[in-house]
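Visitor: here is a sequence with its predicted model. Questions after.
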Amino acid sequence: DSGVTQTPKHLITATGQRVTLRCSPRSGDLSVYWYQQSLDQGLQFLIQYYNGEERAKGNILERFSAQQFPDLHSELNLSSLELGDSALYFCASEKQGYNEQFFGPGTRLTVL
Amino acid sequence: GIQVEQSPPDLILQEGANSTLRCNFSDSVNNLQWFHQNPWGQLINLFYIPSGTKQNGRLSATTVATERYSLLYISSSQTTDSGVYFCAVERNAGNMLTFGGGTRLMVKP
């Protein structure tokens, strides 16, 4: 158990819908990263938050957004879903100064 | 951006055999991690190894930062070692990880 939690584990929805994925980092970790794992693109970085502020953006679509709350949990919002958004979404957290990221169990999103 | 290449892409072993997985990266890095993705999809931290050698049971890893590669050794493989092994690098401290394409390992009983 990495100490990073993600909910839900599985999510099945239809095209055009909107979903929210939730992540709670390890205790004391200020950085939260979101990654997407799809069959054709592999594991790709989406976005990073540090202590409530957006720090870096990767290949994140405009239909996707995220935020980190004062209690440090983070949410990834995916809207106007398309079939190609079906993937495993991971959250990772990192303690400042330690550089090692720990991953949650992931949320498997299926868009039908 | 930085490129990460892993080899071989696929590996089939008989239980008890040893193997070496390789990770090449295109630029200097601040961090390198090895992960095992199990059949349930979980990414499990194996090593945090920006340089040097570490061992954990039957697994060991070596990173030669000056030559931009890392090796993961699996000895006396077991069926539970099956899954995908990923190498990931961090260009600068506190930044995103860039993942390699992975090595898919199958250990047969």
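Guide: Happy to help now that I have it.

Visitor: surely residue B:108 meets residue B:79?
Guide: Yes: counting by CB atoms under 8 Å, residue B:108 does reach residue B:79; the two are 7.5 Å apart. In short, each C-beta sits where N, CA and C put it, glycine included.

Visitor: ok now do the nearest residue to residue A:102 once chain neighbours are set aside, which residues does it touch?
Guide: In space, and not counting its chain neighbours, residue A:102 is closest to residue A:2: 4.2 Å by CB to CB, 6 or more residues apart in numbering or on different chains. Shown in contact with residue A:2 (CB atoms under 8 Å, 6 or more residues apart in numbering or on different chains): A:26, A:102-104, B:44-45.

Visitor: just the buried ones from these?
Guide: A:26, A:102-104 (16 or more other CB atoms under 10 Å in any protein chain shown).

Visitor: for stretch A:81-101, buried residues please.
Guide: Buried, per 16+ other CB under 10 Å, within stretch A:81-101: A:81, A:85-95, A:99, A:101.

Visitor: my error: substitute stretch B:2-11 in the last question.
Guide: B:4, B:6, B:11.

Visitor: for chain B, see how far away the residue of chain A positioned farthest from its centre is.
Guide: Most distant from the centre of chain A: residue A:97, at 21.6 Å, with distances by CA atoms, centre = their mean. Residue A:97 is 8 Å from chain B, where distance means CB to the nearest CB, to the nearest Å.

Visitor: surely residue A:65 meets residue A:77?
Guide: Yes: the pair residue A:65 / residue A:77 is scored as a contact, 4.9 Å apart, by CB under 8 Å.

Visitor: can you verify my assumption that residue B:91 contacts residue B:30?
Guide: Yes: Residue B:91 is within contact range of residue B:30, at 6.6 Å (criterion: CB under 8 Å).

Visitor: which residues in the chain form strands?
Guide: No chain in the question, so chain A it is. Here chain A has its strands, by DSSP state E, at A:5-7, A:10-13, A:19-24, A:31-38, A:42-50, A:53-57, A:64-68, A:74-78, A:87-94, A:101-103, A:107-111.

Visitor: correction: the question concerned chain B.
Guide: Under DSSP E, chain B gives strands at B:4-7, B:10-14, B:19-25, B:31-37, B:43-48, B:52-56, B:59-64, B:69-74, B:83-90, B:97-99, B:103-108.

Visitor: in the last one, which residues are buried?
Guide: Looking back up the chat, that one is strand B:103-108. B:103-105, B:107.

Visitor: pLDDT of that strand, averaged?
Guide: In this model, strand B:103-108 carries a mean pLDDT of 97.

Visitor: neighbours around residue 71, how many?
Guide: Defaulting to chain A. Counted with other CB atoms under 10 Å in any protein chain shown, residues neighbouring residue A:71 total 8.

Visitor: you looked at the wrong chain, it should be chain B
Guide: 17.

Visitor: residue B:87 too?
Guide: 32.

Visitor: for residue A:48, see how far away the closest residue to residue A:31 other than its chain neighbours is.
Guide: Of all residues beyond its chain neighbours, the one nearest residue A:31 is residue A:94 (4.3 Å), with distances taken as CB to CB, 6+ apart. From residue A:94 across to residue A:48, the span is 9 Å (CB to CB, to the nearest Å).
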